[in-house]
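1. The following block contains a protein sequence and its predicted model.
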Amino acid sequence: MELNDIRQAISDTDQQLIGLLAKRRSLALAVATAKLSQNKPIRDTKREQELLLSLIEKGKLQGLDAQYVTRIFHVIIEDSVLQQQAQVQGQLNGDNTDAVRVAFLGGQGSYSYWATQKYFARRAEHIIELGCDSFNEIVNAVETGHADYALLPIENTSSGSINEVYDILQHTRLSIVGELTHPIEHCLLGLPGTDLSKIRQVCSHPQVIAQCSQFLLGLTNVKIDYCDSSSAAFAKVKALQDPTIIAIGGEEGGKLYGLEVLTRQLANQKHNVSRFIVVARKAVNVAKAIPAKTTFIMYTGQQPGALVEALLVLRQHGISMSKLESRPIPGNPWEEMFYVDVAANLSDYAMTRALEELNSITKFVKVLGCYPSDDITPTQPQN
Ligand SMILES: C=C(O[C@@H]1C=C(C(=O)O)C=C[C@H]1O)C(=O)O
């Protein structure tokens, strides 16, 4: 067979794969409806386990190794579960699936832009993008009704919590309605033909700079230029047309501005992932069939043991905490507000009781939102 003919056969096979993936997805959505009518949870790890074992067996017969089959089906199953969860949530909360207006940091090509695309691809036909220059502007867009949702990065595996966003949450009336984890792969990006040894200026968002601090220490005589977003940095490098100025951001984003990758994998942590939250004016209910997270803030006061007492309430109700963060309370020096993420549905009896008790033993408690957990831990195909 000629090269072109073989390639044509590969393209035909890929097209069939795409068709099969789309078919599998629509079957998964039908499964979700059937599960709801039978009061069954969306995730069924026993079924996933059986499926993986049987696929590994079938793969072996056709020369496909177990790891390859497992890796591919982890991606397919994760998509299937997230797709089902989004459908169930949309139905429960009467979401608009035609068009949503979403505010996020930066313009086309920023990390928040890609996260927005990923999150809403499962939830709406059309995204009306509202790129913003700051976290305050993003939140304001939703508060004033210019946008339906805002997407905000809240923590990252390299740089930790994004304090500015935590501080905004203390004062906003908006509710957290969703979360999303998204891999962040920082690259040095420059105009075509840029010579790394001649670089004088690196542009990016302060969070990106913080996540690449170790790499940047190795660059001498280079000025750091803090921009509003990674996409603003791309735009600047493109506009200046100076090959001594480069940006840090995602490869796909840089491409939109005609920039090329000079170096990859710049983050301090190899596994560099950001967690984003989605906020809206109206809180949502989370279907019982879906694992939920609740985020609340509390001020315990400064008496000895106050935080321990509060955390004991969670333990007494069998509620597990996935995150505890403290932030200063503006205007009250040395006093701290605690941010707590728990694996619980706000409408669970245990959670209702825990919040009642926390209300009585702390000085202030406010629920920031209850939303579906994005954590789809892959099922391992053990016998
Ligand atoms: C589709 C289903 O829902 C989920 C997704 C699965 C899949 O995509 O194969 C398997 C089990 C469930 O966690 C199902 O239960 O069959």
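-> Now that the structure is in, tell me what you want to look at. Bear in mind the structure is a predicted one, so any value in this text is a computation, not a measurement.
2. right, and Val278 touches Leu151 too?
-> Yes. Here Val278 lies in contact with Leu151, judged by Cβ atoms under 8 Å, at a distance of 5.6 Å. From N, CA and C alone the C-beta is placed, and that goes for glycine too.
3. For Ile248, give the beta-bridge partners.
-> Taking DSSP bridges, one obtains Leu188 as the residues bridged to Ile248.
4. residues in contact with it?
-> 186-189, 202-204, 208-209, 212, 230, 233, 266 (Cβ atoms under 8 Å, 6 or more residues apart in numbering).
5. Same question for stretch 293-313: list its buried residues.
-> Of the residues in stretch 293-313, those with enough neighbours to count as buried (16 or more other Cβ atoms under 10 Å) are 293-300, 306-307, 310-311, 313.
6. Please work out how many residues are found near Ser230.
-> For Ser230, the neighbour count with other Cβ atoms under 10 Å is 30.
7. I'd say it and Ala247 touch.
-> Yes. Ser230 is within contact range of Ala247, at 6.9 Å (criterion: Cβ under 8 Å).
8. where's Leu53 relative to Ile154, distance?
-> Relative to Ile154, Leu53 is positioned 37 Å away (criterion: Cβ to Cβ, to the nearest Å).
9. neighbour-wise, which of the two wins?
-> Residue environment comparison for Leu53 versus Ile154 gives the larger neighbour count to Ile154, 21 against 15, counting by other Cβ under 10 Å.
10. how about the more buried one, secondary structure?
-> Following DSSP: H, G, I helix; E, B strand; the rest coil, we place Ile154 in the strand state.
11. now whichever residue of the stretch 101-250 of the chain sits closest to the ligand: how far from Leu29?
-> In the stretch 101-250 of the chain, the residue that lies nearest the ligand is Arg122 (14.2 Å; Cβ to the nearest ligand atom). In this structure, Arg122 lies at 10 Å from Leu29, with Cβ to Cβ as the measure.
12. what residues do the two have in common as contacts?
-> Common neighbours of Arg122 and Leu29 are listed as Gln83 (criterion: Cβ under 8 Å, 6+ apart).
13. Leaving out the residues flanking it, which one is nearest to Ile245?
-> Distances taken as Cβ to Cβ, 6 or more residues apart in numbering put Gln201 closest to Ile245, at 4.4 Å, once the chain neighbours are dropped.
14. hey, what's that neighbour bridged with?
-> With DSSP bridges applied, Gln201 shows beta-bridge pairing to Lys223, Ile245.
15. Count the neighbours of it for me.
-> Neighbour tally, Gln201, other Cβ under 10 Å: 16.
16. mind listing what it touches?
-> 222-225, 244-246.
17. And it, what's its pLDDT?
-> In the prediction, the pLDDT value recorded for Gln201 is 97.
18. same thing with Asn383?
-> You'll see Asn383 listed with a pLDDT of 67.
19. quick one: what helix or strand has the residue in the stretch 151-300 of the chain that the ligand sits nearest to in it?
-> The minimum distance from the stretch 151-300 of the chain to the ligand, using Cβ to the nearest ligand atom, falls at Ala289 (10.4 Å). Assigning secondary structure by DSSP states H and E places Ala289 outside every helix and strand.
20. Please name the residues that touch it.
-> Counting by Cβ under 8 Å, 6+ apart, Ala289 makes contact with 35-36, 39-42, 88.
21. Please flag which of those sit within helices.
-> Using DSSP state H, the members of the contacts of Ala289 that fall in helices are 35-36, 88.
22. Please name the nearest non-neighbouring residue to the residue of the stretch 251-383 of the chain found nearest the ligand.
-> Per Cβ to the nearest ligand atom, the residue of the stretch 251-383 of the chain with the smallest distance to the ligand is Thr379, at 7.9 Å. Distances taken as Cβ to Cβ, 6+ apart place Glu48 nearest to Thr379, at 4.1 Å, with adjacent residues excluded.
23. Let me know the secondary structure of that neighbour.
-> Taking three-state DSSP, the label given to Glu48 is helix.
24. you'd agree Lys236 is in a helix?
-> Yes. Read with three-state DSSP, Lys236 is one of the residues of a helix.
25. ok, now how distant is it from Asp12?
-> Remark: distance between Lys236 and Asp12 (Cβ to Cβ) = 44 Å.
26. Which one of those two is surrounded by more residues?
-> Applying other Cβ under 10 Å to Lys236 and Asp12 shows that Lys236 carries more neighbours, namely 19 against 10.
27. how close does the more buried one sit to Tyr113?
-> Counting by Cβ to Cβ, the gap from Lys236 to Tyr113 is 16 Å.
28. And Thr362, by the same measure?
-> Counting by Cβ to Cβ, the gap between Thr362 and Tyr113 amounts to 38 Å.
29. And Glu252, by the same measure?
-> Summarising the geometry, the distance separating Glu252 from Tyr113, computed by Cβ to Cβ, is 10 Å.
30. In terms of neighbours, single out the busier of those two.
-> Comparing Glu252 with Tyr113 by other Cβ under 10 Å, the one with more neighbours is Tyr113, at 26 against 12.
31. Pretty sure the more buried one sits against Gly253.
-> Yes. With contact defined as Cβ under 8 Å, Tyr113 reaches Gly253; the gap is 7.1 Å.
32. Quick check: neighbours shared by these two?
-> Common neighbours of Tyr113 and Gly253, using Cβ under 8 Å, 6+ apart, are Ser231.
33. thinking again about what came up before, what number of residues lie near the residue nearest to Thr379?
-> Counted by other Cβ under 10 Å, the residues lying close to Glu48 total 19.
34. Of the contacts of Ala289, grab the buried ones for PyMOL.
-> Burial among those is assessed by 16+ other Cβ under 10 Å; the matching PyMOL selection reads:
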select buried, resi 35+36+42+88
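35. Look up how far Gln201 lies from the nearest residue to Ser213 once chain neighbours are set aside.
-> In space, not counting the residues next to it along the chain, Ser213 is nearest to Asn268; the distance is 6.2 Å by Cβ to Cβ, 6+ apart. Distance check for Asn268 against Gln201: by Cβ to Cβ, it reads 21 Å.
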